[in-house]
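Student: Quick one, structure for this:
(chains A and B)
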Protein chains: 2
Amino acid sequence: MSALENVRILDLTRVLSGPFCTAMLADMGAQVIKVEHPKGGDGSREPSAAINGESLYFMSLNRGKKGIALNLKDEKGIKILKSLVEKSDVIVENFRPGVMEKLGLAYEDLKKINPEIIYASISGFGQYSPLKNLPAFDMVAQAMGGIMSVNGGAGDPPTRVGVSIGDTSTALYTAFAIVTALFNKEKTGKGQAIDVSMVDSVFSLLEMSLFKYLGDDGEVSGRIGSRHPTSYPYDVFEAKDGYFTISTFDNTGFSRLCTAMEKKTLLTDERFLTDTIRGKNDADLKEIIHTWSKALTVDQVLETLEKNSVPSSPIYDIGQIAESDHIKVRQMLVDVEHPVAGKTRLPALPIKFSNTPAKIQGPSPLLGEHTKEVLRQVLALDEKTIKELEVKKVI
Amino acid sequence: MSALENVRILDLTRVLSGPFCTAMLADMGAQVIKVEHPKGGDGSREPSAAINGESLYFMSLNRGKKGIALNLKDEKGIKILKSLVEKSDVIVENFRPGVMEKLGLAYEDLKKINPEIIYASISGFGQYSPLKNLPAFDMVAQAMGGIMSVNGGAGDPPTRVGVSIGDTSTALYTAFAIVTALFNKEKTGKGQAIDVSMVDSVFSLLEMSLFKYLGDDGEVSGRIGSRHPTSYPYDVFEAKDGYFTISTFDNTGFSRLCTAMEKKTLLTDERFLTDTIRGKNDADLKEIIHTWSKALTVDQVLETLEKNSVPSSPIYDIGQIAESDHIKVRQMLVDVEHPVAGKTRLPALPIKFSNTPAKIQGPSPLLGEHTKEVLRQVLALDEKTIKELEVKKVI
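Tutor: Predicted coordinates:
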């Protein structure tokens, strides 16, 4: 059995934040019905990274969903959507605020049809905000949410985090919210509306940088690359053939590092007596570490550090982590058979359940692949009606 | 009513990943009982950012929880913990794999006491992995999860994301997993074990960089600062007094930008004819944009861009976003009264529910603040027994 078996989710979302969220729910066993416009569908079907011309972005974020094509600009399309709402537990959308209202699909409209519906909205700034009408891309959420101001090297401009954390963190919060609302509905029989904003989500990840600002000192953090704000050596370092990390916070760790480097005299060096003093003389210490590490390979460095119990690690590129034994043993890349792309590796949900394991339930749908199946099985429409809808290009 | 009312969570976690997760559950109304060692407690009580000497890190991540002091190295402490397991729905821990087993608190042990218990474990590499015994800090999860290899400027070393995304993304996945398991338990009466790893969580956020690697080209992405891998201008730019972003993906956006800059001749410039060609001539285009933008303030630039519907944004530092109208209207900073720190602003959960609103239920506990209350109310211990435990330093 799957954890979310018999939960039906109507998914009006496109591209990243919404589909990432509903893919989590699909992996947990919910039936996710993805609604796309009959012409072209979700923009992420456009291949940038592809197998056999099929977009990996789309295949990964929409695995295991049912796909139906439905024209929401057509009155009949809206009628079908509303019939589906009657038969669903959850609806998720990530249009700009106001679009659902214009379509007659606001929460107030849909709860009349299904009072128990859970209605989740994802947007850049939320359903109410002085900024709610501005377009919001991941870059905007990162820029305004504060994260870019603390990401990047000390001399660099504010730097976008190299993955779309504005979208994906919002997806994670929304998935959590939806399941929390489902749990509550199971207990009380009541649905509700959920409003999650990308800027709020990014803001909520600031932790230490925000705490410093909210504290007595009111300090506004800047960019400091990889290093720890106070402790040292907690940073990225170079070996002959690449980079590695060291994470020490105290004199025990530093002492072990000195042993590893065979430089025990550093322990009595005035510049390095405590963590805080080391933090201030970071450039000197980095140079000393580099004198040692740049003569060795990453493997040699890490072997020595590990032997001396110095917290340290390699820095994997995308290929190295993807092909690592760790990812294999954790089954974090899963083969999925796709009708066009063939055998495709997709990243799994990083949650291991002992009783109701999450799993990728199948490939992503072709555009409109399950339209007729869903109209027949969920809405019990007859063949004549379906034919008519097809002729009129509603589906 | 709160969404997770009457759910009891036993929280053995320390510092960031675990407490961030259980704070989300506390805001949703679960009763979270945080268990700390009677001597010093959670390391994050050590103030780095503080109000009146109280750690903001601790106050934020442990708001609304009950705090009990319990020595788990003492047999009697273990006995009390097991009694609490009997009365709880969920237990969460983020020790290194093996520690709970040694304490006799493995899932196999606890499900004998409470077959319905949901047992969530957070760790660096998971409960099974060739690397499971390595120490895992946020830096390690980021380094090995692949995200550092795609974060930072083109000429920079791999760069840690400036917030602890290794911890917080794991917290988000675990919170989602716990509530999903609670939903399933509500339906089936069955508990289960949950295993979430920090490296897996970071890996799951790679999206486009991973898709490129998994696609036909097998491309290993590198660091490209803030810019889009192909489109341009989608990047960070400089004005006279600071930075701003532009996010265009197509000729429409570019045309609007040219109008805004009053440089329409660029539209027929061979270097900038299409998005892809612009992406290759990014340095030239950046220079042209800077010629325009560096003569203006950020406000002036954004006013002009907005007037011309060019997707753009300011880049807020921590103070600017914290004091913004957006954060005020969204009530994303909430006043909490703490017995020592006094009135403290804490970041709220970025989820708005219409029916069961999340809220910060109260301040973080002082060390052991609720020990006696919990022993009396949850375990119905008498005063004599409690006194004895106190004398023997079990609590």
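
Student: Every contact and neighbour count from this point should use C-alpha atoms.
Tutor: Will do.

Student: Where in chain A is the helix or strand with the lowest mean pLDDT?
Tutor: Least confident element among the helices and strands of chain A, by mean pLDDT, DSSP states H and E: helix A:275-280 (a mean of 92).

Student: Can you show me the strands along the stretch 1-150 of chain A?
Tutor: All strands of the stretch 1-150 of chain A, identified by DSSP state E, counting those that start in this stretch, fall at A:8-11, A:31-36, A:50-51, A:54-55, A:66-69, A:90-93, A:118-123.

Student: Quick one, which of the ones you listed gets closest to A:V334.
Tutor: Among those, the nearest to A:V334 by CA to CA is strand A:50-51 (15.2 Å).

Student: Sheet partners, orientation included, of that closest one?
Tutor: Using DSSP bridges, strand A:50-51 pairs in its sheet with strand A:54-55 (antiparallel).

Student: which residues touch the strand it pairs with?
Tutor: Contacting residues not belonging to strand A:54-55 are listed as A:44-49, A:340-341 [CA atoms under 8 Å, 6 or more residues apart in numbering or on different chains].

Student: run the last query once more with 7 Å
Tutor: A:45-49, A:341 (CA atoms under 7 Å, 6 or more residues apart in numbering or on different chains).

Student: Just among the residues you listed, which is most surrounded?
Tutor: A:A49 (24 neighbours; other CA atoms under 10 Å in any protein chain shown).

Student: okay but it is in contact with B:K212, surely?
Tutor: Yes - counting by CA atoms under 7 Å, B:K212 is a contact partner of A:A49 at 4.9 Å.

Student: returning to that earlier point: B:R96: which of the contacts of strand A:54-55 is nearest?
Tutor: Using CA to CA, the contacts of strand A:54-55 come closest to B:R96 at A:A49, 37.2 Å.

Student: A:L205 falls within a helix, correct?
Tutor: No - using DSSP: H, G, I helix; E, B strand; the rest coil, the assignment for A:L205 is coil, not a helix.

Student: Now do the contacts for it.
Tutor: Counting by CA under 7 Å, 6+ apart, A:L205 has contacts B:T168.

Student: and it, how far is that from A:I122?
Tutor: Remark: distance between A:L205 and A:I122 (CA to CA, to the nearest Å) = 17 Å.

Student: Kindly report the same for A:L81.
Tutor: Counting by CA to CA - A:L81 and A:I122 are separated by 19 Å.

Student: need the longest helix for chain A.
Tutor: helix A:165-188 (DSSP state H).

Student: can you give me the helices in the stretch 1-150 of chain A?
Tutor: A:17-27, A:56-61, A:75-86, A:99-102, A:107-113, A:138-145 (DSSP state H, counting those that start in this stretch).

Student: Show the average pLDDT along the fourth one.
Tutor: So the one you mean is helix A:99-102. Average pLDDT, helix A:99-102: 97.

Student: what's that helix in contact with?
Tutor: A:A106.

Student: likewise the third one?
Tutor: Residues external to helix A:75-86 that are found in contact with it (CA under 7 Å, 6+ apart): A:70-72, A:113-114, A:394.

Student: Buried residues of that helix, list them for me.
Tutor: Across helix A:75-86, burial judged by 16 or more other CA atoms under 10 Å in any protein chain shown covers A:76-78, A:80-86.

Student: so who does A:D11 touch?
Tutor: A:32-35, A:91-93.

Student: Of the contacts of helix A:75-86 - the most surrounded one?
Tutor: Highest neighbour count within those: A:L70, with 26 neighbours (other CA under 10 Å).

Student: Look up phi and psi at that one.
Tutor: phi -150, psi 130 (degrees, to the nearest 10).

Student: Quick check: it vs A:K132, distance?
Tutor: For A:L70 relative to A:K132 (CA to CA), the value is 27 Å.

Student: Report the distance from stretch A:155-171 to the chain centre.
Tutor: When C-alpha coordinates are averaged (CA atoms, centre = their mean, to the nearest Å), stretch A:155-171 and its chain have centres 11 Å apart.

Student: hmm, who's touching that stretch?
Tutor: The contact list for stretch A:155-171, computed with CA under 7 Å, 6+ apart, reads A:16-18, A:20-21, A:138-139, A:141-142, A:148-149, A:151-152, A:196-198, A:201-202, B:150-152, B:161, B:205-206, B:225-226.

Student: that older thread, counting contacts, what elements does the least confident helix or strand of chain A pack onto?
Tutor: In terms of contacts (3 or more CA pairs under 7 Å, 6 or more residues apart in numbering or on different chains; DSSP states H and E), helix A:275-280 is packed against no helix or strand at all.

Student: Report the buried residues of it.
Tutor: Of the residues in helix A:275-280, A:275-276, A:278-280 count as buried by neighbour count, 16+ other CA under 10 Å.

Student: just stretch A:143-160 next, same as before
Tutor: Of the residues in stretch A:143-160, A:143-153, A:157-160 count as buried by neighbour count, 16+ other CA under 10 Å.

Student: Minimum pLDDT in the residues you listed, which residue is that?
Tutor: A:G153 (94).

Student: Over to that residue: give its phi and psi.
Tutor: According to degrees, to the nearest 10, A:G153 has phi -70, psi 160.

Student: Quick check: of the contacts of A:D11, which has the highest neighbour count?
Tutor: Neighbour max across the contacts of A:D11 (other CA under 10 Å) = A:K34, 28 neighbours.

Student: separation between that residue and A:E93?
Tutor: For A:K34, the distance to A:E93 equals 10 Å [CA to CA].

Student: Please apply the same query to A:D250.
Tutor: Look at A:D250 and A:E93: by CA to CA, they are 48 Å apart.

Student: Make sure A:T174 is actually in contact with A:V196.
Tutor: Yes - between A:T174 and A:V196 there is a contact under CA under 7 Å: 6.5 Å.

Student: okay, the two: which has more neighbours?
Tutor: A:T174 (30 against 26).

Student: At the contact with chain B, which residues of the stretch 201-350 of chain A appear?
Tutor: A:201, A:204-206, A:208, A:210-216, A:220-221, A:225-226, A:311, A:313-319, A:321, A:326, A:329-330, A:345, A:347, A:350 (CA under 7 Å from any CA of the partner chain).

Student: Produce a PyMOL select command limited to the buried residues of those.
Tutor: Applying 16+ other CA under 10 Å to those, the buried members can be selected in PyMOL as follows:
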select buried, chain A and resi 201+204+205+206+208+210+211+212+213+214+215+216+220+221+225+226+311+313+314+315+316+317+318+319+321+326+330+345+347+350
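
Student: Point out the ones among the residues of the stretch 201-350 of chain A next to chain B that are inside strands.
Tutor: A:313-314, A:345, A:347 (DSSP state E).

Student: Greatest separation within those: which pair is it?
Tutor: Farthest pair in those (CA to CA) is A:S313 and A:R345. Separation: 26.3 Å.

Student: How many neighbouring residues does A:L379 have?
Tutor: 15.

Student: Could you look up the SS state of it?
Tutor: Classified using three-state DSSP, A:L379 is coil.

Student: For the stretch 201-350 of chain A, just list every one of the helices.
Tutor: Counting by DSSP H, counting those that start in this stretch, the stretch 201-350 of chain A has helices at residues A:208-214, A:251-261, A:275-280, A:282-293, A:298-307, A:318-322, A:325-329.

Student: per-domain residue ranges of chain A.
Tutor: A:8-205+A:327-391, A:234-319 (automatic domain parsing).

Student: wait, which of these is closest to B:A26?
Tutor: Using CA to CA, the domains of chain A put domain A:8-205+A:327-391 closest to B:A26, at 12.0 Å.

Student: Show the end-to-end separation of the closest one, please.
Tutor: OK, domain A:8-205+A:327-391 end separation, CA to CA: 28 Å.

Student: Check A:A341 and give its pLDDT.
Tutor: 97.

Student: can you list the weak-confidence ranges in chain A?
Tutor: For chain A, no stretch is flagged by pLDDT under 70.

Student: Let's see that with 90 instead.
Tutor: Regions of chain A meeting the criterion pLDDT under 90 cover residues A:1, A:47-48, A:134-136, A:155, A:228-231, A:249, A:275-276.

Student: which residue sits closest to A:G43, ignoring its sequence neighbours?
Tutor: Nearest residue to A:G43, sequence neighbours excluded (CA to CA, 6 or more residues apart in numbering or on different chains): A:V15, at 6.3 Å.
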